[in-house]
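Participant: Whatever this is, show me its structure:
(one chain, ligands or ions: 2)
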Amino acid sequence: MVREHCDRTTALVNESSQLVLAGHVEPQDDLRAERKRASFSSQELAVVLNGGTEVLQRRSRLISQLQSTSWGSQAAVSQRCFHSREQLHVEGLVAQTEIWKLMQSGALSQQDAKDMETLLTLPGGLTLHQYMFIPTIETQGDEEQQAYWLPKARALEITGAYAQTEMGHGTFVRGLETTATYDRASEEFIIHSPALSSIKWWPGGLGKTATHCIMLARLIINSKDHGLHPFVMQIRDLHTHLPLAGVRVGDIGPKFGYNGVDNGYLMLDRVRIPRRAMLMRHARVTPDGHYFPPSAENAKATYGTMVAIRALLVDEAGWVLARATTIAVRYTAIRRQTSERVGDKELQVLDYQNLAATLLPLVASAYALIFMGKASSDMYKRFEQDRDAGNLASLPELHVLLAGMKALSTWTAADGIEACRRGCGGHGYSALSGLPDLYASYVQNVTLEGDNNVMSLQTARHLVKSQEAVAKGRRVEGSAAYLQRAEQELHRKCSVQAPQDWQTAEVLDAALRHRATYLAAEGHKLLLRHGGGKINFAGPDWNGNTVQLIHMAQAHSQLVLHTTFAQSVHQADLEPAARAALIKLVALHGMSLLLRDLQDLFMDGYLQAFQAQMLVQRRNELLLELRPDAVALVDSFGIADYQLNSCLGRSDGDVYRALLEAASGQQLNKTEEGPAWNAVLKPWLDPASRQQARSKL
Ligand SMILES: CC(C)(COP(=O)(O)OP(=O)(O)OC[C@H]1O[C@@H](n2cnc3c(N)ncnc32)[C@H](O)[C@@H]1OP(=O)(O)O)[C@@H](O)C(=O)NCCC(=O)NCCSC(=O)CCCC(=O)O
Ligand SMILES: Cc1cc2nc3c(=O)[nH]c(=O)nc-3n(C[C@H](O)[C@H](O)[C@H](O)COP(=O)(O)OP(=O)(O)OC[C@H]3O[C@@H](n4cnc5c(N)ncnc54)[C@H](O)[C@@H]3O)c2cc1C
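Facilitator: Ligands and ions are numbered 1, 2, ... in the order given. Next comes the predicted model:
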């Protein structure tokens, strides 16, 4: 029966290749035509966006290598959406350990291995080992501790998680409850979960993979609480993988997505670990129980790993949105729907203004975020160099910039994927489009590593402090330096007199800067008013105004994002036609940001109604001007079909045949009658079975 069904599927797919789509143009022809009419070469732009020809060549080589394995082949990747949690968990670990093996044998460089995992898009139990466990030891362990732990961790003799969040607290890190009490007699720490709310809950890889973890716990010496510190703690036996005495550990259960990762819980009953398990690069405890705190400028060193991950999240957001927009733009360029008379050529749905107005600004956002991601990782690398030389002066600015940008970028990408999915109509709802899984396994980024509202409020705190400094005549540096000129800025008016004026970079920058300045000044005033002339960064003054404060922080981050995008395009080595297209994309980006919150510009009379109407008009014209380049703009991301893993986003446009092939080959179609026939349906539907059942009554 199985054989028979397979034969029929093959026949159906072969047959479909003979079919002509009535009233339609062949989808492949649509994409060919789109590419022909583009104003620039997407191959050349892809080289610039991806950082060189070698990067693209290396990616193709890695994909070929993956394709030749059983765990990374196209067939394996495309089957994933049919798999259970347990299967995904095992598959994730198989892929990660195989890649690790290749790296250890020298067949892959460390960078190759990281890139290969990114191409696979299958986060697994070892993800946090690489991105948080090892880096925390690297940055917070002293030399001796690094020499002890890192070789074992890098050889995968141990695997680790990052155990910070607890059942009761994730955001409020200072409120975490797990204790690490120093016992001078034995020179050990006793790690304990004192309450239900103190159980570690969420850490990735902790559930079933990790043998060790970075344990964030309150350091208690002689009954004195010194706050949160990191410890390296073994939780499972290395021979049996069973939990050690006093340890209860497991997986927290199915999630919205991201199900290959075993996010875990951990409950500890007075588990003893040696004194040197505390990571001591910044703070120390001597054998006799003397505590040496971190220096004042290293006070937030414990939060260092979170800053590193936020930089990675900003870098990732643009590429994730690039994937979603590649799928949606290619598909909506081949999808034809509705003509005045049946049988006439129907319109490509991307030509409806509603879709262009949804998707093209998202393409612009993906570009903006890709450039911002590069700027953020460059900034983070500079910070790392300074930090390794003992200079942490740039950390406060880096933190507030990345906090707000992590929020803006992950919100933009998550909302953008969902908008792309809806833009693809019914086929976007099918897992075969690749969009549901992309969304479900991305959207957690708006919560993890600092909830986006909370992160925005960190940036808001800095903006209010900067505004306060300016009011007191002190200098403000860094990304908020524009607030230095707040006084003059607040008197400015928008200079636009014709729709075309909105296209100029100066006008857009000025409007975004004015908005951010106005909101920061208003936020500052609001808190002063509530505090009776004094600013309180906690309590009802702050907590009762967070909607406006978050909005203010996001306006600031949007300004930083937009100016970084514009500058990066200005500085990039582009051929003239690609430059012209990207300048338009920058303009569309700025206009879309303004249109989303236009009311802000009316509040203090910066904008007049006729200027707002011109903004809408110019945005609509830009959509039409950019439309011929839509497919070329997404082709330029250079994302391979392998990585898209989408029937809708295929680069050849052969969408309908791909859907039919993938659907008919799946498990539920393995037999013609279906898995519920014999036990459930047959007794009702099959006359002979019914007859038999009646005769037994
Ligand atoms: C919200 C805050 C920032 C608040 O911290 P706080 O100590 O109460 O601070 P505050 O009183 O608001 O401000 C005091 C000061 O601390 C500064 N600060 C705060 N965080 C940092 C930092 N990372 N680097 C450098 N500086 C930092 C703030 O800017 C404040 O500075 P200021 O006093 O204004 O000069 C903190 O609790 C926090 O970071 N919460 C979020 C928790 C989080 O991100 N958890 C991540 C867990 S791991 C994870 O999710 C991994 C997922 C990975 C995956 O699967 O992909
Ligand atoms: C998939 C996933 C993986 C994770 N991996 C790890 C990991 O490896 N290791 C680890 O330690 N943790 C991990 N976490 C935990 C994660 O870091 C936290 O969930 C996150 O920091 C948010 O904290 P919370 O859950 O306590 O949210 P809450 O703080 O309870 O948030 C609830 C709501 O309250 C709001 N809110 C809370 N506080 C404030 C405030 N001060 N001001 C304004 N609004 C506020 C938030 O905006 C949110 O809407 C993971 C979480 C997820 C979802």
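
Participant: what residue ranges in the chain score low on pLDDT?
Facilitator: Across the chain, residues meeting the criterion (pLDDT under 70) sit at 1-24.

Participant: which bits of it sit near ligand 1?
Facilitator: Residues of the chain lying close to ligand 1 (CB under 6 Å from any ligand atom) are 128, 162, 164-165, 170-174, 204, 300, 303, 306-307, 309, 395-396, 399-400, 448-450, 454, 458, 461, 465. From N, CA and C alone the C-beta is placed, and that goes for glycine too.

Participant: Just the helices from the stretch 101-250 of the chain, written as ranges.
Facilitator: Secondary structure of the stretch 101-250 of the chain (DSSP state H, counting those that start in this stretch): helices at 110-120, 127-128, 134-140, 143-154.

Participant: Kindly report the same for the stretch 551-697 of the chain.
Facilitator: In the stretch 551-697 of the chain, the helices defined using DSSP H, counting those that start in this stretch lie at 576-596, 599-603, 609-626, 630-635, 641-644, 655-664, 682-685, 687-696.

Participant: How far does the first one sit from its chain's centre?
Facilitator: Centroid separation between helix 576-596 and its chain, computed with CA atoms, centre = their mean, to the nearest Å, is 23 Å.

Participant: and it, what other elements does it pack with?
Facilitator: Packed against helix 576-596, as judged by 3 or more CB pairs under 8 Å, 6 or more residues apart in numbering; DSSP states H and E, are the following elements: helix 42-50, helix 353-388, helix 505-530, helix 546-571, helix 609-626, helix 630-635.

Participant: how big is the angle separating the first one from helix 353-388?
Facilitator: What separates the directions of helix 42-50 and helix 353-388 is an angle of 40 degrees, with axes from the mean of the first three to the mean of the last three CA atoms, to 10 degrees.

Participant: what's the angle between the next helix or strand after helix 42-50 and helix 110-120?
Facilitator: In the C-terminal direction, the helix or strand that comes right after helix 42-50 (DSSP states H and E) is helix 53-67. Here helix 53-67 runs at an angle of 60 degrees relative to helix 110-120 (the same axes, to 10 degrees).

Participant: ok now the following helix or strand past helix 53-67, how far from the chain's centre?
Facilitator: Toward the C-terminus, helix 53-67 is succeeded by helix 74-79 as the next helix or strand (DSSP H and E). For helix 74-79, the gap between its own C-alpha mean and the chain's C-alpha mean amounts to 23 Å (CA atoms, centre = their mean).

Participant: quick one on the thing from earlier: ranking the helices of the stretch 101-250 of the chain by burial, who's on top?
Facilitator: helix 127-128 (a mean of 24; mean count of other CB atoms under 10 Å).

Participant: That helix and ligand 2, any residue contact?
Facilitator: Yes. Among the residues of helix 127-128, L128 lie within reach of ligand 2 under CB under 6 Å from any ligand atom.

Participant: before we move on, the earlier item: could you dump the helices of the stretch 101-250 of the chain into CSV with distance to A356 added?
Facilitator: Formatted as CSV, the helices of the stretch 101-250 of the chain follow (distance: least, CB to CB, whole Å):
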stretch, distance to A356
helix 110-120, 30
helix 127-128, 37
helix 134-140, 42
helix 143-154, 49
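
Participant: Out of those, which is closest to R387?
Facilitator: Checking the helices of the stretch 101-250 of the chain against R387 by CB to CB gives helix 134-140 as the closest, at 7.5 Å.

Participant: Give me the nearest residue to D112, chain neighbours excluded.
Facilitator: Take D112 and drop its neighbours on the chain: the residue closest to it by CB to CB, 6 or more residues apart in numbering is L62, 6.3 Å away.

Participant: Please look at the one you found and L119 and confirm they touch.
Facilitator: Yes. Because the distance of 6.0 Å satisfies CB atoms under 8 Å, L62 is recorded as touching L119.

Participant: G253: neighbouring residues, count only.
Facilitator: Close neighbours of G253, defined as other CB atoms under 10 Å, add up to 10.

Participant: right, and the secondary structure at it would be what?
Facilitator: coil (DSSP: H, G, I helix; E, B strand; the rest coil).

Participant: Apart from its neighbours in sequence, what residue is nearest the residue of the stretch 101-250 of the chain found nearest ligand 1?
Facilitator: Across the stretch 101-250 of the chain, no residue is closer to ligand 1 than V173, which sits at 3.5 Å (CB to the nearest ligand atom). Counting by CB to CB, 6+ apart, the nearest residue to V173 once its immediate chain neighbours are dropped is L228, at 6.4 Å.

Participant: what sits against the spatially most central residue of the chain?
Facilitator: Centroid-nearest residue in the chain, with CA atoms, centre = their mean: A317, separated by 4.5 Å. For A317, the contact set (CB atoms under 8 Å, 6 or more residues apart in numbering) comprises 369, 373, 409-410, 412-413, 445.

Participant: Distance check, it against A308.
Facilitator: Summarising the geometry, the distance separating A317 from A308, computed by CB to CB, to the nearest Å, is 16 Å.

Participant: cool, and A431?
Facilitator: Distance of A431 to A308, given as CB to CB: 33 Å.

Participant: So for these two, which residue has more residues nearby?
Facilitator: A308 (20 against 16).

Participant: Over to that one: give its phi and psi.
Facilitator: Summarising the backbone geometry of A308 under the convention degrees, to the nearest 10, its torsions are phi -60, psi -40.

Participant: Around ligand 2, which positions in the stretch 451-600 of the chain sit nearby?
Facilitator: With the criterion set to CB under 6 Å from any ligand atom, the stretch 451-600 of the chain comes near ligand 2 through 451, 453-454, 457, 546.

Participant: can you give me the helices for the stretch 251-400 of the chain?
Facilitator: In the stretch 251-400 of the chain, helices defined by DSSP H, counting those that start in this stretch lie at 304-334, 353-388, 395-423, listed in chain order.

Participant: Tell me what angle the shortest one forms with helix 353-388.
Facilitator: What that stands for is helix 395-423. 160 degrees.

Participant: How far away from the center of its chain is whichever helix or strand comes after helix 395-423?
Facilitator: As assigned by DSSP H and E, the chain's next helix or strand after helix 395-423 is helix 425-429. The chain centroid and the centroid of helix 425-429 are separated by 23 Å, computed with CA atoms, centre = their mean.

Participant: Against which helices or strands is helix 425-429 packed?
Facilitator: Other elements packing on helix 425-429 under the criterion 3+ CB pairs under 8 Å, 6+ apart are helix 304-334, helix 395-423.

Participant: re earlier: my understanding was that the residue nearest to V173 contacts A217; is that so?
Facilitator: Yes. The pair L228 / A217 is scored as a contact, 7.1 Å apart, by CB under 8 Å.

Participant: how's the chain carved up into domains?
Facilitator: 46-125, 131-294, 301-635 (automatic domain parsing).

Participant: End to end on the first one, go ahead and measure it.
Facilitator: Terminal residues of domain 46-125 are spaced 32 Å apart (CA to CA, to the nearest Å).

Participant: Over to stretch 109-128?
Facilitator: Here the two ends of stretch 109-128 are set 19 Å apart, with distance taken as CA to CA.

Participant: same question, stretch 484-491
Facilitator: Distance between the two ends of stretch 484-491: 14 Å, counting by CA to CA.

Participant: buried sites along it?
Facilitator: Residues of stretch 484-491 classed as buried by neighbour count (16 or more other CB atoms under 10 Å): 484, 486, 489.

Participant: which residues sit against it?
Facilitator: Where contact means CB under 8 Å, 6+ apart, the residues beyond stretch 484-491 that reach it are 467, 470, 475-476, 482, 513-514, 517-518, 520-521, 604.

Participant: Pull out the buried residues from the residues you listed.
Facilitator: 467, 470, 476, 482, 513-514, 517-518, 520-521, 604.

Participant: Look up how far L312 lies from the closest residue to L238 other than its chain neighbours.
Facilitator: Residue nearest to L238 in three dimensions, not counting chain neighbours: T211, with 6.0 Å by CB to CB, 6+ apart. For T211, the distance to L312 equals 24 Å [CB to CB].
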